[in-house]
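*Asks:* When you get a sec, could you give me coordinates for this:
(one chain, ligands or ions: 2)
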Amino acid sequence: MTDRELVDLAFTMLDRSYVPYSRFPVGAALACTDGTVFTGCNVENAAYGSTLCAERTALVKAVSEGHRDDFERLAVVGNSTDYCWPCGACRQMLYEFSPRLTLLVARSDRQYVKLTLAELLPHGFGPRSLD
Ligand SMILES: O=c1ccn([C@H]2C[C@H](O)[C@@H](CO)O2)c(=O)[nH]1
Ligand SMILES: [Zn+2]
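*Replies:* Ligands and ions are numbered 1, 2, ... in the order given. Now for the predicted structure:
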């Protein structure tokens, strides 16, 4: 799947977002090196802090299906004019499994920027930090 296709797939997930509180849908699509793709959307909760972001939805789907060290690219998209930058919690959880992950971060006009997780989370705290 091309970068463009991964971003467009993430856009299809905006319709699945459950966002009665923020009205801010986010979509994600995580590609593994074997070509498997896991999608995600944000799922909010009346207890606001229990909300799950789109990126973490995709990540947890992948890990729970046996993927772990093979994440290649993650598309994150939103309906806003600014790029839909992953929040700190998502950056941290992605870093656990994939410090060298490539991200495709899009805005509502479907333009996207391509960058690495290391750029978004320099000097991250990960499993090796516990050695
Ligand atoms: O990295 C992020 C940041 C925010 N959101 C969601 C959470 C919430 O439902 C809405 C507004 O914060 O956007 C994500 O899905 N991913
Ligand atoms: Zn997040």
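*Asks:* what helix or strand is the residue nearest in space to the middle of the chain on?
*Replies:* Geometric centre of the chain, nearest residue: residue 55, 2.7 Å, by CA atoms, centre = their mean. According to DSSP states H and E, residue 55 maps onto helix 54-64.
*Asks:* repeat for residue 94
*Replies:* Secondary-structure assignment from DSSP H and E places residue 94 in helix 88-97.
*Asks:* Remind me what that helix packs against, helices and strands.
*Replies:* Counting contacts by 3 or more CB pairs under 8 Å, 6 or more residues apart in numbering; DSSP states H and E, helix 88-97 is packed against helix 54-64, strand 71-78, helix 117-120. From N, CA and C alone the C-beta is placed, and that goes for glycine too.
*Asks:* List of residues touching the last one?
*Replies:* It stands for helix 117-120. For helix 117-120, contacts defined as CB atoms under 8 Å, 6 or more residues apart in numbering pick out 85-86, 91, 94-95, 98-103, 124.
*Asks:* Report the mean confidence score over the helix holding residue 94.
*Replies:* Mean pLDDT, computed over helix 88-97, is 98.
*Asks:* Stretch 112-129 too?
*Replies:* 98.
*Asks:* what's the span of that stretch, first residue to last?
*Replies:* End-to-end distance for stretch 112-129, by CA to CA, to the nearest Å: 32 Å.
*Asks:* Point out the residues in this protein that sit beside ligand 1.
*Replies:* By the rule CB under 6 Å from any ligand atom, the part of the chain lying against ligand 1 is 19, 22, 24, 26, 42, 44, 51, 53-55, 86-87, 90.
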